[in-house]
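Student: with the input below, show me the fold.
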Amino acid sequence: MERILGKVQKPSRYTGGELNSVVKDKKSVSLRFAFCFPDTYEIGMSHLGMKILYSLINAREDAWCERVFAPWTDMEEAMRENGLPLYALESGDPVAGFDILGFTLQYELSYTNVLNMLDLAGLPVLAADREALAPLVIGGGPCACNAEPVADFFDLFVLGEGEEALPELLDLYNLHKQRGSTKAEFLRAAARIQGVYVPSLYEVSYSPGGAVAAITPREGAPEKVRKRIIRDLDAAFAPEELVVPFIETVHDRVTVEVFRGCSRGCRFCQAGFIYRPVREKSATVADNQSRRLCENTGYDEISLCALSASDYSGLEELLDRLLDWSKDEMVNISLPSLRIDNFSAELLEKTGAVRQSGLTFAPEAGTQRLRDVINKNIGEHEVLAAVRKAFEGGKTSVKLYFMIGLPAETDEDIEGIAALAQKTVDEYYANPGKPKGRSVNVGVSVSTFVPKPFTPFQWEPQDTVETISRKQALLRNSVTTRKVSLNFHKAQPSFLEAVFARGDRRLSHVIETAWRNGCRFDGWDELFQFDVWLAAFDACGLDPAFYANRRREYDEILPWDHMDYGVSKAFLIRENKNAQAGVTTPGCLEHCAGCGANTLCGGDRCAF
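Tutor: Numbering: from 1, shown residues only. Okay, here's the model as predicted:
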């Protein structure tokens, strides 16, 4: 290991031994769990869900959870050359000897990394070829809401939030391990836990046109698998310590969750629907957790985590509590997800009390007509009022997020992005208190719309790669000032993301073929091989455009129709029709739109 690590980039990715990492006597535990993140250490160590579940499992006396990340290409090459199998950071033991390998699926373009990690572990990539109970390969995370493209590789998935479902699953596993059960016996029992989906217990048939014809459960599996949620965030498990990396990570700070879900209902946003309903954490609990984590890690920044942190009803109280101690300790407070329509000068003053940080706003679309289509529920005057407050508060740069390729988009909407960016520049120079001799920078980040399951746009086609490229060129030509900097996401990866977001389990063969032909780290521009992916689709006799660029009818059986995330299909259809008519729907905090998420709380209305 010492010889290998001396030859690779960032060897600290692979050593373990960080502050607060958990080391146990493996002879004293009955279950070993490898939490596998299918991307680099720096990305995985920034993920809040991993931190929560790592601490949750390690709080058990009978279990030991260790971390595993995808090795970068130089480390993979060294591992294969030297016969070094994939190992866990805490013990250095090969993960093939663990009881459970748990993969979090945050992004569709990480799927080949899952296969690569299984192969590096010396395990068959297909679940059908892994006959023993151990190691069991399980998945979770947002991509599990349509797990079909990777169904052939996993033994089961946990849908929704894992803080309650995962301990139940571990208890069941221990019981069946003691009994000497077969994997099939365990999986049949696991399928009876709410939130557990066992793909091998479902048969999928297809129509002559290629769409799903039927999804049939077998051996007592439920017709629909209902996601799990945590109802009370104050009572939910939260770590008091975090592993502190030796190297800088993407989000190098303490992250404290203040609420889950989102009340806004933006029609493109999968997270806003699959994490419903909104549940808040009290300001007292969030403050106590923040302070303990800072004391136990030494971090000097707290990020208040939520899909829309400025919608948190206890925000003012929490900021006041945090500032009582964080200012003296020189701890910065970060709000990474601000809404334009409730951004205030007071908020800017409090979050900038220790040190200045950048501000990002997301108008999403360049015209009011298109913002109404996507149900953004903000006006241009609110966008400009927010950036004006930022400039009056001393900011000299802001970032604006937009999407292109949205349903019903026209060239006028594309040109509207450039126009709104220019108006933002004009707001800076209209500020009489702007710093002398300093110019403004408006960073415009433009991603490509990807239709996702469990959103009102799940039936909509994605623009072709050629159309997206044309729209990107139009936007470049529409920007006439150097004070606006454009950053585009590449169209080809977004196309592939759309394929797998709405795909069926026939795509497992495509993923395996592309991986065997060298694809991995597909979310990284320098390693993305679009031609290899197209060849894989061709070899498997599947057309990627069938999945990405085709409009679905409302009565078509969708590959994820046997998943229940609490939001009814009737509501999503109604919202899709509202989008076509340009009609907006108020947010949950204003008026209940009847999405169905209230049923997850066991009551007539949502928990908030």
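Student: could I get the pLDDT score of the spatially closest residue to residue 301 that is not a sequence neighbour?
Tutor: Closest residue to residue 301 apart from its sequence neighbours, by CB to CB, 6 or more residues apart in numbering: residue 253 at 3.8 Å. Bear in mind the C-beta positions are built from the backbone N, C-alpha and C, glycine included. Turning to residue 253, the model gives it a pLDDT of 91.
Student: based on its surroundings, how many neighbours for residue 253?
Tutor: Residue 253 has 20 neighbours, counted by other CB atoms under 10 Å.
Student: which ones are touching it?
Tutor: Shown in contact with residue 253 (CB atoms under 8 Å, 6 or more residues apart in numbering): 299-303, 334.
Student: quick check: residue 188 vs residue 101, distance?
Tutor: Applying CB to CB, to the nearest Å, the value for residue 188 to residue 101 is 20 Å.
Student: comparing the two, which residue is more hemmed in?
Tutor: residue 101 (28 against 18).
Student: how about the more buried one, secondary structure?
Tutor: Look at residue 101: counting by DSSP: H, G, I helix; E, B strand; the rest coil, its state is strand.
Student: just checking, it touches residue 137?
Tutor: Yes - Residue 101 is in contact with residue 137 according to CB atoms under 8 Å; the separation is 5.0 Å.
Student: what's the overlap in contacts for these two?
Tutor: Contacts common to residue 101 and residue 137, judged by CB under 8 Å, 6+ apart, are residue 118.
Student: report how many residues lie close to residue 432.
Tutor: Neighbours of residue 432 (other CB under 10 Å): 6.
Student: next SSE after the worst-scoring helix or strand of the chain on mean pLDDT?
Tutor: Least confident helix or strand of the chain, by mean pLDDT, DSSP states H and E, is helix 345-351 with a mean of 68. Using DSSP states H and E, the helix or strand that follows helix 345-351 towards the C-terminus is strand 359-364.
Student: circling back to that earlier point, among the contacts of residue 253, who's most crowded?
Tutor: Each of the contacts of residue 253 was scored for neighbours by other CB under 10 Å, and residue 302 scores highest at 24 neighbours.
Student: can I take it that that residue is in a strand?
Tutor: Yes - according to three-state DSSP, residue 302 belongs to a strand.
Student: roughly how far apart are it and residue 287?
Tutor: 10 Å.
Student: go on, residue 83?
Tutor: With distances taken as CB to CB, residue 83 is found 50 Å from residue 287.
Student: and residue 499, by the same measure?
Tutor: From residue 499 over to residue 287 the distance is 44 Å, taken as CB to CB.
Student: could you count how many residues lie near the nearest residue to residue 76 once chain neighbours are set aside?
Tutor: Once flanking residues are discounted, residue 76 sits nearest to residue 120: 6.8 Å by CB to CB, 6+ apart. As a burial measure, residue 120 scores 22 neighbours (other CB under 10 Å).
Student: likewise residue 476?
Tutor: Other residues close to residue 476 by other CB under 10 Å number 12.
Student: so which bits of the strand or helix carrying residue 324 are buried?
Tutor: Element membership for residue 324 (DSSP H and E) is helix 315-326. For helix 315-326, the neighbour count (16 or more other CB atoms under 10 Å) marks 315, 318-319, 321-323, 326 as buried.
Student: of these, which is the nearest to residue 468?
Tutor: Set against residue 468, the nearest of those by CB to CB is residue 315 (36.7 Å).
Student: contacting residues around the nearest residue to that closest one once chain neighbours are set aside?
Tutor: Nearest in space to residue 315, with sequence neighbours left out and distances taken as CB to CB, 6+ apart, is residue 309 at 7.0 Å. Listed by CB under 8 Å, 6+ apart, the contact partners of residue 309 are 258, 315, 335-338.
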